[in-house]
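Undergrad: I need the structure of the sequence given here:
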Amino acid sequence: MGVQKTSLNKGKIKDILQNEYNIKPIDISVINRGTANIFKIVALDKCYILKEFTSKRTEKTVTKEIDVINFLQEKKLKFLNM
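TA: Numbers count the residues shown, from 1 in each chain. Below is the predicted model of the structure:
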């Protein structure tokens with residue numbers, strides 16, 4: 001897990017995904033990489049990544065990471081072993 005204890009559990013993640021995003025997870029697992037708490041979400045149609053940032057991250061750094069992810073998505077970058 002990340003450097004900060006997670007405030008999420010599989011039940012909370014499932015509730016958030018279903019109620020807020022209409023995603024019905026089949027499996028939720030932990031990805032032990034980096035400093036953030038990262039979860040792999042497997043749904044019927046897709047695989048998702050949920051990242052829980054540490055409380056020390058600023059809005060600016062989170063926004064910058066979102067910009068990078070959006071750029072990579074636009075370039076249709078595919079990741080293996082996910």
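Undergrad: how about Asn76, secondary structure?
TA: Let me fix one detail, which is that residue 76 is Lys and not Asn. Classification of Lys76 using DSSP: H, G, I helix; E, B strand; the rest coil returns coil.
Undergrad: How many neighbouring residues does it have?
TA: 6 (other CB atoms under 10 Å). Where C-beta positions appear, they are placed from N, C-alpha and C, glycine not excepted.
Undergrad: measure it to Ile23 for me?
TA: 22 Å (CB to CB, to the nearest Å).
Undergrad: Output whichever strand or helix holds Thr63 as PDB, restricted to C-alpha atoms.
TA: Using DSSP states H and E, Thr63 sits in helix 59-74. The C-alpha trace of helix 59-74 is given here as PDB (Å, rounded to 0.1, in the frame of the first residue of the first chain):
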ATOM      1  CA  GLU A  59      -4.600  20.400  -6.000                       C
ATOM      2  CA  LYS A  60      -2.000  21.700  -8.400                       C
ATOM      3  CA  THR A  61       0.000  18.500  -8.400                       C
ATOM      4  CA  VAL A  62      -3.200  16.400  -8.800                       C
ATOM      5  CA  THR A  63      -4.300  18.500 -11.700                       C
ATOM      6  CA  LYS A  64      -0.900  18.200 -13.400                       C
ATOM      7  CA  GLU A  65      -1.100  14.400 -13.100                       C
ATOM      8  CA  ILE A  66      -4.700  14.500 -14.600                       C
ATOM      9  CA  ASP A  67      -3.300  16.500 -17.500                       C
ATOM     10  CA  VAL A  68      -0.600  14.000 -18.100                       C
ATOM     11  CA  ILE A  69      -3.100  11.100 -18.000                       C
ATOM     12  CA  ASN A  70      -5.400  12.900 -20.400                       C
ATOM     13  CA  PHE A  71      -2.500  13.500 -22.800                       C
ATOM     14  CA  LEU A  72      -1.500   9.800 -22.700                       C
ATOM     15  CA  GLN A  73      -5.100   8.800 -23.300                       C
ATOM     16  CA  GLU A  74      -5.300  11.100 -26.300                       C
END
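Undergrad: Okay then, goodbye and thanks.
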